[in-house]
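Enquirer: Here's my sequence, what's the structure:
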Amino acid sequence: MDTRQFGLVLLGCLLLMAAFAAIYGPIATFLAELFGTKVRYSGLSVSYMLSGFLGSAATPAVTTALLDATGKGSSVAWFMIGSASVWLVCLLLLAETLRSEIHEQPDAHAAAPVQGAPTTS
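Expert: Sure, this is the predicted structure:
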């Protein structure tokens, strides 16, 4: 952005959108695999919305403050590199679910007979 040359700005935007697409393509499947089948939909929804609120909502204010303080677009780029680094560390700390069993564990309440319930013979 600091070059003020249309071709370089366009190239930067295209590279940014390619990275954006690479993240948003597999994110639904990735988040779904992080949760068991009993809480999958709720876990996916809460984690996606909370990450958007905590991460994306603050980004315009942070980048505007950085740009005002430094006067350089590179400060925004460094912020994005720092954010991506934190994201990468978090990604590496997540467990791989490829070989794990996706079936629900039996419900503890279903396994125990209910007091006073009729029995079938």
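Enquirer: Please, where are all the helices along the chain?
Expert: Assigned helices in the chain, in chain order: 6-24, 27-33, 40-51, 59-70, 73-93, 108-111 (criterion: DSSP state H).
Enquirer: Adding distance to Arg99, write those out as JSON lines.
Expert: The way it works is simple: take the backbone N, C-alpha and C, and place the C-beta from them, glycine included. JSON lines is the format used below for the helices of the chain (distance: least, CB to CB, whole Å):
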{"stretch": "helix 6-24", "distance to Arg99": "24"}
{"stretch": "helix 27-33", "distance to Arg99": "12"}
{"stretch": "helix 40-51", "distance to Arg99": "18"}
{"stretch": "helix 59-70", "distance to Arg99": "36"}
{"stretch": "helix 73-93", "distance to Arg99": "18"}
{"stretch": "helix 108-111", "distance to Arg99": "25"}
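Enquirer: need these in a markdown table with mean neighbour count, can you?
Expert: Formatted as a markdown table, those follow (neighbours: other CB atoms under 10 Å):
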| stretch | mean neighbour count |
| --- | --- |
| helix 6-24 | 11 |
| helix 27-33 | 13 |
| helix 40-51 | 13 |
| helix 59-70 | 12 |
| helix 73-93 | 12 |
| helix 108-111 | 7 |
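Enquirer: Turn those into a markdown table, including mean pLDDT.
Expert: Formatted as a markdown table, the helices of the chain follow (pLDDT from 0 to 100):
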| stretch | mean pLDDT |
| --- | --- |
| helix 6-24 | 87 |
| helix 27-33 | 81 |
| helix 40-51 | 86 |
| helix 59-70 | 91 |
| helix 73-93 | 87 |
| helix 108-111 | 44 |
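Enquirer: ok, Leu34 touching Leu94?
Expert: Yes: with contact defined as CB atoms under 8 Å, Leu34 reaches Leu94; the gap is 6.8 Å.
Enquirer: Those two: which is more packed in?
Expert: Using other CB atoms under 10 Å as the criterion, Leu34 and Leu94 rank with Leu34 on top: 13 against 10.
Enquirer: show me the contacts for that one.
Expert: Counting by CB atoms under 8 Å, 6 or more residues apart in numbering, Leu34 touches 43-44, 47, 94, 97.
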